[in-house]
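1. Compute the structure for the input listed below.
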Amino acid sequence: MIETSQKNHSDEKKLNLDETVFHFTKENIAILKLKANIEAHTSTKKISSLQAICTHLWRAVIRSKQLDPKEEVNFVLCISVRPKLVPQLQEDYFGNALVLCGVTMNVGELLEEGGLGKGALEMSKMIALYSDEKLKIQYESWTRTPSYVKVGSVTNRNSLVLSCSPLFDLYNLDFGWGKPVAIRSGSSNKSNGKITVFAGAKKGSMDFEVCLPYENLEAMRNDSEFIMRYSVGTTYPVAVSHLQFADDTLLMETKSWANVRALRAVLVLFETIFVVMRSGVSVEL
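-> Model prediction:
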């Protein structure tokens with residue numbers, strides 16, 4: 001299980017964290033996947049599209065931090081165990097079914113020529129290690145000595161953490177407000193080194209929310225190897241409230257947490273009035 005501490009959030013406010021949404025088209029994803037497999041000398045079935053893009057992002061973040069080539073860096077991600085257990089869990093299984101694992105590499109190895117293929121191959125190998133037998137041993141061990149992973153112990157200067165999945169079909173959800181214009185995460189996903197991935201609005205594309213200090217995101221946006229060839233970046237401050245509908249878009253931006261809370265209260269008020277008016281009851285202000 002993962003806990004979020006109050007101290008972790010207060011420390012991160014001092015880092016001047018920002019967030020950028022990097023959009024990868026279906027065509028660019030295919031190019032990156034092919035490039036990663038060629039560099040790793042594997043078939044196109046060995047390294048997945050997600051592994052290729054994650055490594056591409058990882059390398060760009062490391063370049064932005066200008067770390068020593070001998071330093072170790074980590075990429076942490078959640079693996080779905082639904083298809084790995086025997087028998088497999090049903091698709092509509094309601095509980096959490098994942099494990100947290102990571103890849104560790106030297107900066108120099110990751111950034112050298114062919115680093116995209118090396119990093120992606122390490123991810124692929126690590127994921128393949130989680131068999132039904134290994135997962136059951138791990139879960140049985142946890143029941144004997146339960147432990148909780150704190151966000152602050154996972155996200156740090158040399159680590160990135162990926163959550164969510166492009167397999168979640170969020171754009172076809174409709175709660176009566178129309179189809180979503182954009183999918184974004186909430187404030188609990190805003191921590192240093194946190195990456196959240198969603199399927200893009202166009203089929204086959206992906207959106208990656210990347211939360212880092214402003215100077216690192218600025219360096220990534222100016223990294224021609226990363227941004228000019230494969231992705232498009234749209235920047236939002238971390239403290240931003242989005243209310244987006246198919247027929248209208250309201251976007252408010254502020255870096256004051258107090259202002260965000262006030263804006264959210266106003267949005268809730270207007271939403272309540274809207275629902276009441278639709279029900280036919282008169283409202284006086």
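2. On the three-state scheme, the residue nearest to Val99 when sequence neighbours are not counted is what?
-> Of all residues not flanking Val99 in the chain, Ile79 sits nearest, at 5.2 Å (CB to CB, 6 or more residues apart in numbering). For glycine as for every other residue, the C-beta is placed from the backbone atoms N, C-alpha and C. With DSSP: H, G, I helix; E, B strand; the rest coil as the basis, Ile79 sits in strand.
3. cool, and Asn28?
-> helix.
4. In this structure the residue nearest to Val99 contacts Cys101, no?
-> Yes: using CB atoms under 8 Å, Ile79 is in contact with Cys101, at 6.0 Å.
5. Touching both of these two, which residues are there?
-> Ile127, Tyr130 (CB atoms under 8 Å, 6 or more residues apart in numbering).
6. if you skip the residues just before and after it, what's nearest to Pro180?
-> Tyr171 (5.7 Å).
7. Count residues in the vicinity of Pro69, would you?
-> Using other CB atoms under 10 Å, Pro69 has 11 other residues around it.
8. ok, and the closest residue to it other than its chain neighbours, which helix or strand is that part of?
-> Of all residues not flanking Pro69 in the chain, Gly108 sits nearest, at 3.3 Å (CB to CB, 6+ apart). Element membership of Gly108 [criterion: DSSP states H and E] is helix 107-111.
9. Identify each buried residue in stretch 199-206, please.
-> For stretch 199-206, burial by neighbour count (16 or more other CB atoms under 10 Å) applies to Ala199, Gly200, Ser205, Met206.
10. Please identify which pair of those residues lies farthest apart.
-> Greatest spacing in these, by CB to CB: Ala199 and Ser205 (7.4 Å).
11. And for the residue nearest to Val99, the neighbour number?
-> Per other CB under 10 Å, the neighbour tally for Ile79 reads 16.
12. buried set for the following helix or strand past the helix holding Gly108?
-> For helix 107-111, the following helix or strand on the C-terminal side (DSSP H and E) is helix 115-128. Of all the residues in helix 115-128, those buried under the rule 16+ other CB under 10 Å are Gly115, Leu116, Gly117, Lys118, Gly119, Ala120, Leu121, Glu122, Met123, Ser124, Met126, Ile127.
13. residue nearest the centroid of the chain?
-> Closest to where the C-alpha atoms of the chain average out (CA atoms, centre = their mean) is Thr196, at 1.3 Å.
14. pretty sure that residue is in contact with Val161, am I right?
-> No: between Thr196 and Val161 no contact is recorded; they are 9.4 Å apart, counting by CB under 8 Å.
15. what secondary structure does the residue nearest to Pro180 sit in?
-> For Tyr171, the secondary structure call by three-state DSSP comes out as helix.
16. Which pLDDT value goes with it?
-> What the model reports as pLDDT for Tyr171 is 88.
17. what about it, neighbour count?
-> Applying other CB under 10 Å, I find that Tyr171 has 17 neighbouring residues.
18. before we move on, the earlier item: what residues of the helix holding Gly108 count as buried?
-> Of the residues in helix 107-111, those buried (16+ other CB under 10 Å) are Val107, Glu109, Leu110, Leu111.
19. Just name the closest of these to Ala97, please.
-> Using CB to CB, those come closest to Ala97 at Leu110, 29.9 Å.
20. For the closest one, give me its contacts.
-> For Leu110, the contacting residues are Trp58, Arg59, Ile62, Val73, Lys118, Gly119, by CB under 8 Å, 6+ apart.
21. Was I right to think the fifth one contacts Ala40?
-> Yes: using CB under 8 Å, Lys118 is in contact with Ala40, at 6.8 Å.
22. Phe24 contacts Ser205, correct?
-> Yes: using CB under 8 Å, Phe24 makes contact with Ser205 at a distance of 6.2 Å.
23. Just the closest of the contacts of Leu110 to Trp177, please.
-> Of all the contacts of Leu110, Trp58 has the smallest distance to Trp177: 35.7 Å, by CB to CB.
24. would that closest one count as being in a helix?
-> Yes: Trp58: assigned to a helix according to three-state DSSP.
25. In contact with it, which residues?
-> For Trp58, the contacting residues are Val73, Phe75, Leu110, Gly119, Leu160, by CB under 8 Å, 6+ apart.
26. same deal with Gly176?
-> Contacts of Gly176 by CB under 8 Å, 6+ apart: none found.
27. where's it relative to Ala199, distance?
-> Separation of Gly176 from Ala199 (CB to CB, to the nearest Å): 22 Å.
28. And for Asn106?
-> The spacing between Asn106 and Ala199, counted by CB to CB, is 32 Å.
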